[in-house]
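In: what would the 3D arrangement of this be:
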Amino acid sequence: MRRTGKTTRLVDLAIQTLFEKGEIFIADMKWIESERRGFTSDEIADRDKFIDEIDASQRIQNHLMSRILKRLESEHHGQFEVNGRFIRLKSDYQFSVDTPKGRMLVGYKDIKKMHDFNYGNDE
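Out: The predicted model follows:
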């Protein structure tokens, strides 16, 4: 039987979000079953983004975390850090980008500025 690719899509979304926001939170069952008092609706939405809604379990969430970390390790070795259920880009993260004027090194802060400019984020 062919699998659906749901985990792969969640991993792709998580990595894309990591590079847009600089950090992601991979929920565990403690978070999923909590009342979530003291969090804003935006914080809750960000933390709920990477939950398998159909089959949420600690095993599934740990598998998702493992897949994300494995992919980050293979593609962005040493450029991220893990603190509990949070994954963050290191502040000195840099990668090369091809531009019309040639190749240049770009850091996470540069990417965040471009993203905020393009999408009107005034943080």
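In: low-scoring stretches of this structure, by residue?
Out: Applying pLDDT under 70 to the chain flags residues 1-3, 92-97, 104-123.
In: tell me where it has strands.
Out: Shown for the chain, the strands assigned by DSSP state E span residues 23-25, 80-83, 86-89, 94-99, 102-107.
In: most distant residue from the middle of this structure?
Out: residue 101 (30.1 Å; C-alpha atoms, centre = their mean).
In: over to that residue: give its phi and psi.
Out: Residue 101 adopts backbone torsions of phi -100, psi 10, taken as degrees, to the nearest 10.
In: if I pick residue 77, what's in contact with it?
Out: If you count contacts by C-beta atoms under 8 Å, 6 or more residues apart in numbering, residue 77 has none. C-beta here means a position set from N, CA and C on the backbone, and glycine is covered the same way.
In: from residue 90, how far off is it?
Out: Using C-beta to C-beta, to the nearest Å, residue 77 is found at 11 Å from residue 90.
In: rewinding a little: how far away is the residue farthest from the centre of the chain from residue 34?
Out: 49 Å.
In: in the protein, which helix has the most residues?
Out: As assigned by DSSP state H, the longest helix anywhere in the chain is helix 58-75.
In: any buried residues in that one, and which?
Out: Buried residues in helix 58-75, counted by 16 or more other C-beta atoms under 10 Å: 61, 64-65, 68, 72.
In: list just the nearest of those residues to residue 43.
Out: residue 61 (17.9 Å; C-beta to C-beta).
In: neighbours around the nearest residue to the closest one once chain neighbours are set aside, how many?
Out: Nearest residue to residue 61, sequence neighbours excluded (C-beta to C-beta, 6 or more residues apart in numbering): residue 28, at 5.4 Å. By the measure other C-beta atoms under 10 Å, the count of residues near residue 28 is 17.
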